[in-house]
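Asker: next comes the sequence, and after it the predicted model I'd like to discuss.
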Amino acid sequence: MRLTVADVMTTDVVTVTAPTPFKDIAEALIAGGISAVPVVDDDGHVLGMVSEADLLRKEEFREQFYREGYRPPLRARMRHPKGREKAEGDTAGELMTSPAVRVSPQAATVEAARLMDAHDVKRLAVVDGDGRLVGIVSRRDLVKLFLRSDEEIARVVREDVLDRSLWVDTEGVEVGVHQGIVTLSGWMERRTETAIAVRMAGRVNGVVDVVDKLTWKQDDSKWETY
């Protein structure tokens with residue numbers, strides 16, 4: 001049920017090398033309709049990432065040169081203290097952010113989302129065990145996971161969670177989905193089983209929340225073993 005980065009990443013990746021000049025990087029971004037490109041060596045190892053923000057930083061400091069007293073916004077200076085050095089760069093190797101934030105293709109998509117949040121980036125370089133580029137995963141790729149229709153989510157919860165993953169009787173369970181919110185109602189044999197069903201339904205990609213309206217025949221949550 002849990003998708004990995006390999007399931008959602010883009011494998012047809014536009015790349016540049018360290019000597020690639022500023023103009024060629026900009027043209028690659030515009031032509032590809034993308035916001036960043038990985039910088040790789042001759043063997044495909046990821047050296048860094050060049051984004052629109054890195055290129056715009058160069059333009060910011062050109063403005064500073066022509067307009068006396070101009071300074072980039074405080075937030076930009078705090079987040080990019082080396083902006084002036086990058087602004088003076090003319091190649092990918094000089095402009096890139098390095099090291100690039102990386103993730104394994106086998107990592108769960110939730111791990112990728114956490115990495116993006118922790119490092120405040122919009123994309124991750126997906127690399128194999130040797131550090132070679134195999135793809136790119138972006139915030140947009142992760143957001144797509146939540147664009148499943150309610151009907152599709154209901155089908156996955158019913159078939160993959162209740163009918164296949166739970167080795168218990170789930171015939172008394174009804175599944176309703178509205179705008180990604182799953183409602184489980186009806187009954188199951190034991191209280192602990194209902195908790196497992198709710199937890200597993202919440203792990204389905206595209207599920208925003210789970211409303212638990214399940215009842216049970218036996219409250220086994222307080223049973224003790226000796």
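Answerer: That came in fine, so what should we check first?
Asker: and the strands in this protein?
Answerer: Using DSSP state E, the strands of the chain run over residues 36-40, 46-51, 102-103, 123-127, 133-138, 173-178, 181-190, 209-218.
Asker: so which of those strands gets nearest Phe22?
Answerer: Evaluated with Cβ to Cβ, these place strand 46-51 nearest to Phe22, the distance being 9.3 Å. From N, CA and C alone the C-beta is placed, and that goes for glycine too.
Asker: for the closest one, name the packing helices and strands.
Answerer: For strand 46-51, the elements it packs on are strand 36-40, helix 92-95, strand 123-127, judged by 3 or more Cβ pairs under 8 Å, 6 or more residues apart in numbering; DSSP states H and E.
Asker: so which of these is nearest Ala18?
Answerer: Nearest of the helices and strands packed on strand 46-51 (Cβ to Cβ): helix 92-95, 3.3 Å.
Asker: who's in contact with the spatially most central residue of the chain?
Answerer: The residue lying closest to the centre of the chain (Cα atoms, centre = their mean) is Ala113, at 3.7 Å. Contact partners of Ala113, counting by Cβ atoms under 8 Å, 6 or more residues apart in numbering, are Leu142.
Asker: next one: Lys217
Answerer: Contacts for Lys217 (Cβ under 8 Å, 6+ apart) come out as Trp187, Met188, Glu189, Arg190.
Asker: from those, keep the buried residues only.
Answerer: Neighbour-count burial within the contacts of Lys217 applies to Met188, Arg190; the criterion is 16 or more other Cβ atoms under 10 Å.
Asker: could the contacts of Lys217 be laid out in a markdown table, adding distance to Ile30?
Answerer: A markdown table is the format used below for those (distance: Cβ to Cβ, whole Å):
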| residue | distance to Ile30 |
| --- | --- |
| Trp187 | 58 |
| Met188 | 56 |
| Glu189 | 60 |
| Arg190 | 59 |
